[in-house]
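J.: below are the sequence and a predicted model for it; my questions follow.
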Amino acid sequence: MSFNQTVLGALNSANGLEVRAQYDRAYMEPNETLQMQAWALGELGADVEDISDLVQWSSSDSSIASLSNGGQISAHAVLGDESVTVTATFSGLTSDYVMTVSDAAVQNISVGSASVDM
């Protein structure tokens, strides 16, 4: 059985779709790029196959973050914190992931009684 036949068989038996971000990140800085992943899920919710290249990717607001056909998300300049919903769609299945883009810079880090200004 070829790889494509295996993938198509797995997708035909998929019961769901799950979107994940590289490094399980839920935030990005302006001008940063991350890879999103879409996974077909089996009967018990276990991963069946990474189908990131097969899904239709969309962003709820492409002025905040846009997506390539392969699921690469690029954050754009924002003021403060802005969130977008990343959606993957495949064969009637959809899954969403909320990503926040923030221009906030770290000003101070405190550990115990010590403090470091940046």
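T.: Sure, I can see it.
J.: where exactly do the strands run in this structure?
T.: Taking DSSP state E as the criterion, the chain carries its strands at 16-21, 27-28, 33-41, 47-50, 56-59, 65-67, 72-75, 81-90, 93-102, 108-111, 114-117.
J.: partners of the fourth one, with directions?
T.: In this case it means strand 47-50. Applying DSSP bridges, strand 47-50 is found paired with strand 33-41 (antiparallel).
J.: repeat for the shortest one
T.: Partners of strand 27-28 in the sheet, by DSSP bridges, are strand 93-102 (parallel).
J.: contact partners of stretch 70-86?
T.: 19, 21, 28-38, 52-53, 55, 57-61, 63-68, 88, 96-104 (CB atoms under 8 Å, 6 or more residues apart in numbering). Quick note: C-beta positions are derived from backbone N, CA and C, even for glycine.
J.: and if you look at stretch 95-108?
T.: By CB under 8 Å, 6+ apart, stretch 95-108 touches 16-21, 25-30, 36, 38, 64-65, 73, 75-88, 115-118.
J.: quick one: low-confidence ranges for this protein?
T.: Scanning the chain with the threshold set as pLDDT under 70 gives 1-14, 44-45, 47, 105-109, 113-118.
J.: how about Trp57, what does it touch?
T.: 36, 38, 67-71, 86-88.
J.: what about burial for these, which qualify?
T.: Taking 16 or more other CB atoms under 10 Å as the criterion, what is buried in the contacts of Trp57 is 36, 38, 67, 71, 86-88.
J.: would you turn those into JSON lines with distance to Val48?
T.: Below are the buried ones among the contacts of Trp57 laid out as JSON lines (distance: CB to CB, whole Å):
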{"residue": "Met36", "distance to Val48": "18"}
{"residue": "Ala38", "distance to Val48": "11"}
{"residue": "Leu67", "distance to Val48": "22"}
{"residue": "Gly71", "distance to Val48": "17"}
{"residue": "Val86", "distance to Val48": "20"}
{"residue": "Thr87", "distance to Val48": "20"}
{"residue": "Ala88", "distance to Val48": "14"}
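J.: great, nothing more from me.
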